[in-house]
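>>> no sequence on hand, only this structure:
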C-alpha cells in the first residue's frame, strides 16, 4: 500500500520513541508507526495542520498547534494527537486521552492542554503575526 508521509520526525511524548506519521490513500486515515519500520532516509512530509488549533500547556504555558487530533498507532490502534511546539518547532505525538485529559497539579485538577479561544486566541495570533 502506498503511504503519504506527513511527518518524518515525531517524538512520542511517553516513550520518546521516534515515530513517522502517514496517511493511507484508500481510506484517508492518519497513522503513526515507529520510524524504524520505515527504514532510513525517509523524506520530510508536508504539513497538513490547521493553523489556528492552538492549545496552552498547563504547566509550562507553552503554545502548541494541534496538527491532527486523531491518528492511529499502526501496531496498537491507540488514538493519538500530533502537535507542534510553537516555540521550538518540535513535533510530538501523545495518546489522545492524555492530551485532552486532566491531571493533578498541586491540589488542583486541571486540563493538561487548554484550547485557546476568543480574546486569548486573538492575542496569540496577533503576537505570532497570523
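Ah, there it is. Everything numeric here is computed off the predicted structure, so don't read it as measured data. Numbers count the residues shown, from 1 in each chain.

>>> for the strand ranked longest in the chain, what is the distance to the chain centroid?
Ranked by residue count under DSSP state E, the longest strand found in the chain is strand 63-73. Distance of strand 63-73 from its chain centroid, counting by CA atoms, centre = their mean, to the nearest Å, is 3 Å.

>>> show me what counts as buried in that strand.
Along strand 63-73, these residues count as buried under the neighbour rule (16 or more other CB atoms under 10 Å): 63-69, 71-73. Where you see a C-beta, it was placed from the backbone N, CA and C, and this is true even at glycine.

>>> and for stretch 79-91?
By neighbour count on 16+ other CB under 10 Å, the buried set for stretch 79-91 is 80-84, 91.

>>> shouldn't residue 121 be within a strand?
No - looking at residue 121 with DSSP: H, G, I helix; E, B strand; the rest coil, it is helix, so not inside a strand.

>>> find the nearest non-adjacent residue to it, please.
Taking CB to CB, 6 or more residues apart in numbering, and ignoring the residues beside it in sequence, residue 121 has residue 54 as its nearest neighbour in space, at 6.4 Å.

>>> now do residue 101
Using CB to CB, 6+ apart and skipping residues adjacent in sequence, the residue nearest residue 101 is residue 112, 5.9 Å away.

>>> now do residue 22
Leaving out its chain neighbours, residue 22 is closest to residue 3 (CB to CB, 6+ apart), at 4.2 Å.
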